[in-house]
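# Provide a 3D model corresponding to the input given below.
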Amino acid sequence: MRNLVLIGLIVLSISSCDKTKKYTYVEIIEKKGLFGDIKQEEKDTLVITAKTDSIAYLKVYRKFCIAKMAVEDVKKVLGSVSSKPINFKLLDEKGKDISFIISFDKKDSLENNIRTKIFEIDVQ
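From the prediction side, this is the model:
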């Protein structure tokens, strides 16, 4: 079933126009201040290209999950971290955040599949 969904995404991306669009990934972190206060701020940004909004979303969702896993790994070793990713934005070419309005078939199951694969990785 998972392979069918991936094949569907590949066919969709091939059948769509050949033009790729630029998107910007913005990571939102929760950061502990010196006096115990907690702030949210925008951190890493990354420009990516994709043929569709859905493909761009899956790319940045994967990056977000990897960032969360990295923080969890550091927390296991050091006991605490000063910041952690809590969300992300996916900005289109006009600078509009489209991460909350993107909807496509099997979105939940694809997100779950990405999460599962990333968090199954055992770094030793």
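# following the longest helix seen in the chain, which helix or strand comes up?
Counting residues, the longest helix in the chain under DSSP state H turns out to be helix 53-78. Following helix 53-78 in sequence order, the next helix or strand is strand 83-91 (DSSP states H and E).
# which helices and strands does whichever helix or strand comes after that next one pack with?
Going down the chain from strand 83-91, the next helix or strand is helix 107-120, by DSSP H and E. Packing contacts for helix 107-120, counted by 3 or more Cβ pairs under 8 Å, 6 or more residues apart in numbering; DSSP states H and E, involve helix 2-15, helix 53-78. All C-beta spots, glycine's among them, are computed from the backbone N, C-alpha and C.
# and helix 107-120, which residues are buried?
The neighbour-count criterion (16 or more other Cβ atoms under 10 Å) identifies 110, 114-115, 118 as the buried residues of helix 107-120.
# Among those, which one lies nearest to K51?
Of all these, K51 sits closest to L110, with 16.3 Å by Cβ to Cβ.
# thought the closest one was touching Y57?
No: using Cβ atoms under 8 Å, L110 is not in contact with Y57; the gap is 9.3 Å.
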